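K.L.:
model the following, please.
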Amino acid sequence: MTRSRNTRTRALAALVALGFCGCTGAVGDGTVAPAAGGASGAPVAGSPSNGGSSRGGTNTGGTSSVVPAAGALSNGGADTGGAGKAPAPSVDEFDVDPSTAADGVPVASRVLRLGYADYDRTVADLLHLPVKRSTDFPAEQPNLGPYEDLGARRVSEPLQNEYVLSAEALAAELATNAAAFNQVVGCATANTACRDSFIDAFGKQAYRRPLTESEKTRYRTLFDRGPELVASGDALKDGVRLVVEAVLQSPNFLYRIEAGRGVSDAQGALLTDYEIAVRLSYLFWGTLPDRELLLAADGGKLSTAAGIVEQAKRLAASPRVVDRVLDFHERWLQLDDLSGVSKDPAKFPLFSAGLVSSMVEETRRFVEEVTLTQNGGVRSLLTAPIGFVNDDLARLYGLNGSFGPGLQRVEFDGSTQRLGILTQAAFLSGHSSATTRTSPILRGVFVLRRLACLDIPPPPPGAEMQEPEQPSAQPLRTTREYFTWKTSMSQCATCHTVINPVGFAFEKFDAIGQLRSLEADAPVDASGTLGLPDGDIVFDGARELVTELAERSRVRACYAKNWLQYAYARKETALDLRTLASLAKGLATDAFGARDVLVSMTQSAAFSHLPIRE
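P.N.:
Numbering: from 1, shown residues only. Presented below is the predicted three-dimensional model:
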C-alpha cells in the first residue's frame, strides 16, 4: 500500500523530530558520519564522506583518533620499435624479505561509504529480498581509481534522493513479502517483547554491531508511532516499516564507521571485534557479517591473529568468495571497458553482443578454474593453456568441432598461440582501439602498469590528434608501422620506446582476438624487447612474452600490489611492504591461490589496527 503525500510528509517530520536525521540528508538515527574538520556533523551533498582529520562515529567500546586517507606509492599511466628502460618505482618492493620488511598501519579513511555492489548485497542479505536497487542510483564517481578508494566516495544530492526512495521502496516490499517479513521480524504480534526483539536483532545486523541504549530507545519510539504515521491497519507491519526506512538511511548502515576500542598496542589503535568482523565480511563476501561472524565478535574471538585467521579461512571456503575474486580480476583486467566496445561489422562479421558476453564469461570461468579450483597464482593466470569456448568462441579461435551454446573447457596447443589470460578474446578485444584496428598502446600500457607496476605517465593533452610533420617515407600497411611512425615525435618517443614493443607482442591477434599472420598482405611482426629494471625480456609474440613475465618476481609483487589496493580500497604505502612481500613469496610457489591471498592480508597490522594520530 502506497502512502499518500501527506502521510509521508507527516512520517518524515516525525522522524526528524525524534532525532532521526542522518548524513544523507534523509532519515538516519541521530548519529552522523564525521564531516570535514570535526568529530561529528553531517557531510553535505558533494562533500567528502571522510573529510579532513576526523574521528569515527558512534560505536561500542569508545573511540580512538583516526586520520584520513593519504597518498602512497603510485603506478603511473600512458603510452614504438626499440626498447627503452622503464622507470623503477620509488620503493623497491619487488624483492623484499618479509621478515625484515615494515609492517605498519598507513593513514587511511575510517568512514567508508558502501559501494553500490556492496549496498545491494547488504540489503539483500539484511532483508532476505532478491533486490538490486543500485541500478537506479546515479553513476558512481569516475575518479575513484581502478579499485575504488572507499574513503573518497561522496554522497551527491541525487544519491541522497535515491537512498530515500530505496529505503521507502524496500520497507514497503518487505511488508508485503510474508516469507521475508517473518525472517526479518521473527515474531507476529505488535507487543513490547516482539518490538524489542526485532529492533535489537535487526539493528545489530544492519549496524554490524549492537545498538546503544539510546539508539534502541529512539527506534522503539519510532516503532510505536507506526499505526499513526503509516496507518495501514496492521500495527506490527507499520512499526517495522518505519524502523526499516530509518535504518536503511542511517549513516551507521550506509557507512562502515571505524572508531576503534579506545586502546592501543605497539602497532596502533585496536579495532573492536565488530569492526574486524565487518572488515572480514566485506573483504571476502562484500556484505554484512553472517551470524557466526557476529557470534565470534560477541565472544571477543577476533582480538587475536588466530581468531581472525580462523574466520578468514571459513569465509574463504564459502562459495560466496567467488564473486569477490571475479570482481577483482575483472577490475584488474579492465573488463568493464569491454561492454562499450564496438567493431566494424564489415571487417569483423563474427563480432556481436552475444560474442562479447561469451568472451567475458570465458575469462570469468578461467579465473575461477585457475585461482580457486586449481589454487594457482599469477603464473598460472599468465600461462595456463586452457580456455572455455562455445561454438561462437571456437569459430573465433579457429577450433574444429561442435561445442554448443554453453562454454566447454578446452586445452590449447601451440598452434593456437594462446596461453593464459592475456591471449583470450576478452582482453584482446577490450584493449583494442576504434572499430577496425588493434591498439598496441592500450595493450602495452596494461602490461607495464598492471603486470609490472611501472610508472608510465599519461600522454600530454591532444597527443592522440598529433602526427609527425614529415609523412612516412614508406606506405604504412600494418598497425606496427603506423604506430612506430606516429609516436616517433620527440615528445612521444621517451614513453613509447617502452610501451610500443610490449604492445606489438600481441599483434598476431587482431582487434577481436583472432589469430593472424598477415595484415594488409604484409607479415605481422610481433617481436621486440621489454626493458625492465630487473633485466630485459626478448620475445617474438605474446606466448614468449607472457611466459617470461610469469617467472619475474616483479610481476608477482605487482599482482600482490593490485590485490592489496583492491582489498584495502587504497593505495599501498611503505608500511605495507611486509604484506606485499609475504604475498609475493607465497605467489612464487604458484600454489597460492586467491583464497590464500585474501587470508594472508588479514594477518597484517593494517587489517586489525587504526593509525594513531600524533
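K.L.:
quick check: residue 181 touching residue 237?
P.N.:
Yes. Counting by CB atoms under 8 Å, residue 237 is a contact partner of residue 181 at 7.4 Å. Quick note: C-beta positions are derived from backbone N, CA and C, even for glycine.
K.L.:
find the residues that touch each one of the two.
P.N.:
Residues touching both residue 181 and residue 237 (CB atoms under 8 Å, 6 or more residues apart in numbering): residue 175.
K.L.:
nearest residue to the middle of this protein?
P.N.:
Closest to where the C-alpha atoms of the chain average out (CA atoms, centre = their mean) is residue 147, at 4.6 Å.
K.L.:
look up how far residue 565 lies from it.
P.N.:
Residue 147 is 5 Å from residue 565, where distance means CB to CB, to the nearest Å.
K.L.:
check residue 302 too.
P.N.:
When distance is defined by CB to CB, residue 302 is 24 Å away from residue 565.
K.L.:
could you do residue 460 as well?
P.N.:
From residue 460 to residue 565 the distance is 26 Å (CB to CB).
K.L.:
what about these two, which has more around it?
P.N.:
Neighbours were counted for residue 460 and for residue 565 using other CB atoms under 10 Å; residue 565 has more, 24 against 10.
K.L.:
quick one, what contacts residue 563?
P.N.:
328, 583, 597, 601.
K.L.:
brain fart, residue 443
P.N.:
Applying CB under 8 Å, 6+ apart to residue 443 gives the contacts 428, 431, 432, 502, 503, 505, 506.
K.L.:
narrow these to those in helices?
P.N.:
428, 502, 503 (DSSP state H).
K.L.:
would you check that the second one makes contact with residue 530?
P.N.:
It refers to residue 502. Yes. Counting by CB under 8 Å, residue 502 sits close enough to residue 530 to count as a contact (5.3 Å).
K.L.:
comparing these two, which shows the higher neighbour count?
P.N.:
Ranked by neighbour count (other CB under 10 Å), residue 502 and residue 530 place residue 502 first, with 29 against 26.
K.L.:
skip the chain neighbours and tell me the closest residue to that one.
P.N.:
residue 444 (3.9 Å; CB to CB, 6 or more residues apart in numbering).
K.L.:
go ahead and confirm that neighbour touches residue 507.
P.N.:
No. Between residue 444 and residue 507 there is no contact under CB under 8 Å: 10.8 Å.
K.L.:
between the two, which has more neighbouring residues?
P.N.:
residue 444 (29 against 23).
K.L.:
secondary structure element for that one?
P.N.:
For residue 444, the host element (DSSP states H and E) is helix 440-446.
K.L.:
what is the rounded mean pLDDT of that helix?
P.N.:
Here helix 440-446 scores 97 as its mean pLDDT.
K.L.:
equivalent analysis for stretch 195-211, please.
P.N.:
98.
K.L.:
which residues touch that stretch?
P.N.:
Contacting residues not belonging to stretch 195-211 are listed as 59-60, 126, 184-187, 215-216, 219-220, 223-224, 239-240, 243-244, 247-248, 250, 252-253, 256, 272, 274-275, 277-278, 281, 288-289, 294, 297 [CB under 8 Å, 6+ apart].
K.L.:
keep only those of those that are in strands.
P.N.:
Among these, the residues falling in strands (DSSP state E) are residue 256.
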